[in-house]
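Enquirer: Generate a structure from the sequence data that follows.
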Amino acid sequence: MKKIILYLIVSLSVTATFGQVPSTWKVNPSAYSNSMVITVVLNMNSQESRNQEDVVVAFLNNEVRGVAAPITFVKSKDRYMANLIVYSNDTSGLITFKLYNKERNVVSDAVTLPITFVGESKLGSYDEPVVIKDNNIPTDIALSTAAVSENKPIGSLVGAIAVVDKDVSDLHTISFLDGAGFDNALFEIKNGSLYTKAIFDFEQKSTYAIRIRAQDARNGIVDKTFTIQINDENEIGEVLAFNNIITPNNDGRNDFLVINNIDLYTSHDVSVFNTIGQMVFNSVNYRNNWSGSELKSGIYYLYFTGKDQEGKQFVYKEALRIIND
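Expert: Residues are numbered from 1 along each chain as shown. Next comes the predicted model:
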């Protein structure tokens with residue numbers, strides 16, 4: 001009991017230094033028969049308090065039952081701690097907390113989970129104090145997709161960004177965290193999503209590193225590095241050039257359907273259809289030797305399907321004009 005009385009004297013001795021603490025934050029110890037001492041550190045705005053005029057208040061049944069300030073400096077820990085005495089006429093109940101930040105002159109609800117009141121007991125120590133805080137720091141950042149296809153235009157969506165935070169109502173500022181070795185300048189964060197600021201070429205570079213920071217309104221911060229994968233796309237439109245006009249008149253120009261680089265494709269099938277969907281020509285492993293001379297002049301459609309040298313399946317479609325006069 002003497003130990004509790006000593007703590008009471010210390011606690012009461014600092015009540016005059018609380019400054020603009022709400023006037024209702026008062027407790028009359030003589031009105032209660034039971035007490036519980038909790039050794040705490042205060043954490044406000046995601047920083048541990050070193051201000052002896054900051055305050056923590058304990059509530060039981062929505063009534064103020066304890067007030068303390070971090071006036072005890074524990075040199076071996078380099079921390080300022082408070083011995084919070086909570087009073088009650090009951091032997092149980094849930095204790096909740098509020099915090100007063102002297103520098104900002106702000107009162108905030110603690111996010112620390114309620115603590116069960118146990119009469120004539122002590123919780124926490126100078127080695128392991130209970131942390132009373134007004135913010136849960138975000139713990140992770142997620143990116144819905146960390147890949148984008150090559151050759152996509154600037155401004156293409158990579159993925160949506162989500163922040164993992166126990167304080168589900170928190171809003172977060174999301175930004176890049178620059179540093180050596182990161183490719184942040186090639187991307188843009190907009191409306192909570194990641195977009196490209198460059199056109200990527202898989203053959204030139206297949207992965208890029210970015211680092212993202214999420215910060216809540218109380219300076220809670222989490223950083224995360226992502227590797228953005230550039231997906232290889234079949235660039236057949238560039239490699240598979242051909243004359244899309246055939247004039248089979250034996251003048252040596254456009255007499256045949258000639259598909260450039262056709263030997264790059266280990267297995268392929270060439271089909272030509274008319275405008276009503278009827279197949280008018282088909283060749284497996286085509287050898288650039290069809291003239292279309294048997295067809296009337298008009299518009300047709302070329303389908304080129306198969307596998308490239310890496311075994312990737314593709315389908316290429318293009319309009320084809322035949323002038324057969």
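
Enquirer: so Trp290 touches Phe281, yeah?
Expert: Yes. The criterion here is Cβ atoms under 8 Å, and Trp290 meets it with Phe281 at 6.0 Å. Placement of C-beta: from N, CA and C, glycine included.

Enquirer: Could you name every residue contacting both of those two?
Expert: Counting by Cβ atoms under 8 Å, 6 or more residues apart in numbering, the contacts common to Trp290 and Phe281 are Val270.

Enquirer: Could you find the closest non-adjacent residue to Met81?
Expert: Thr72 (4.8 Å; Cβ to Cβ, 6 or more residues apart in numbering).

Enquirer: Verify the contact between that neighbour and Tyr80 for me.
Expert: Yes. Applying Cβ under 8 Å, one finds Thr72 in contact with Tyr80, separated by 6.8 Å.

Enquirer: Of the two, which one has the most company?
Expert: More neighbours surround Tyr80 than the other of Thr72 and Tyr80, with 19 against 16 (other Cβ atoms under 10 Å).

Enquirer: Mind giving me the packing neighbours of the helix or strand harbouring the more buried one?
Expert: In the assignment (DSSP states H and E), Tyr80 maps to strand 79-88. The contact analysis (3 or more Cβ pairs under 8 Å, 6 or more residues apart in numbering; DSSP states H and E) places strand 79-88 against helix 2-13, strand 34-44, strand 55-60, strand 63-68, strand 72-74.

Enquirer: Roughly how far does Asp308 sit from His268?
Expert: 9 Å (Cβ to Cβ, to the nearest Å).

Enquirer: Could you do Gly124 as well?
Expert: Taking Cβ to Cβ, one finds Gly124 at 74 Å from His268.

Enquirer: On the three-state scheme, Tyr195 is what?
Expert: Under DSSP: H, G, I helix; E, B strand; the rest coil, Tyr195 falls in the strand class.

Enquirer: Excluding sequence neighbours, find me the nearest residue to it.
Expert: Glu188 (4.7 Å).

Enquirer: where does this protein have low pLDDT?
Expert: 1-19, 234-241 (pLDDT under 70).

Enquirer: Would you map the helices across it?
Expert: Counting by DSSP state H, one finds helices in the chain at the ranges 2-13, 236-239.

Enquirer: Correct me if wrong: Asn192 contacts Ala160.
Expert: For the record, residue 192 is Gly, not Asn. Yes. Applying Cβ under 8 Å as the test, Gly192 and Ala160 come out as touching, 6.4 Å apart.

Enquirer: Would you map the strands across the stretch 201-325 of the chain?
Expert: 207-216, 221-231, 245-246, 267-273, 279-284, 298-307, 313-322 (DSSP state E, counting those that start in this stretch).

Enquirer: Identify the neighbouring strands of the first one in the sheet and state each direction.
Expert: Strand 207-216 has its sheet partners listed here by DSSP bridges as strand 172-176 (antiparallel), strand 221-231 (antiparallel).

Enquirer: What is the burial count for the closest residue in space to Lys224 that isn't next to it in sequence?
Expert: Excluding its sequence neighbours, the residue lying closest to Lys224 (Cβ to Cβ, 6+ apart) is Ile141, at 4.2 Å. Neighbour count of Ile141, defined by other Cβ under 10 Å: 20.

Enquirer: Beta-bridge partners for Ile141, please?
Expert: Residues in a beta bridge with Ile141, per DSSP bridges, are Val163.

Enquirer: quick one: it and Ile161 touch, right?
Expert: Yes. Under the criterion of Cβ under 8 Å, Ile141 makes contact with Ile161 at 6.5 Å.

Enquirer: Residues that sit against both of these two, list them.
Expert: Joint contacts of Ile141 and Ile161 (Cβ under 8 Å, 6+ apart) are Ile174, Ile212, Ala214.

Enquirer: will you turn these into a markdown table that also has distance to Thr116 and neighbour count?
Expert: Below are the shared contacts of Ile141 and Ile161 laid out as a markdown table (distance: Cβ to Cβ, whole Å; neighbours: other Cβ atoms under 10 Å):
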| residue | distance to Thr116 | neighbour count |
| --- | --- | --- |
| Ile174 | 38 | 18 |
| Ile212 | 39 | 22 |
| Ala214 | 33 | 25 |
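
Enquirer: Among these, which one lies nearest to Asn260?
Expert: Minimum distance to Asn260 across the shared contacts of Ile141 and Ile161 is 43.6 Å, recorded for Ile212 (Cβ to Cβ).

Enquirer: So that closest one versus Phe182, what's the distance?
Expert: Per Cβ to Cβ, Ile212 is found 10 Å from Phe182.

Enquirer: likewise Ile228?
Expert: 11 Å.
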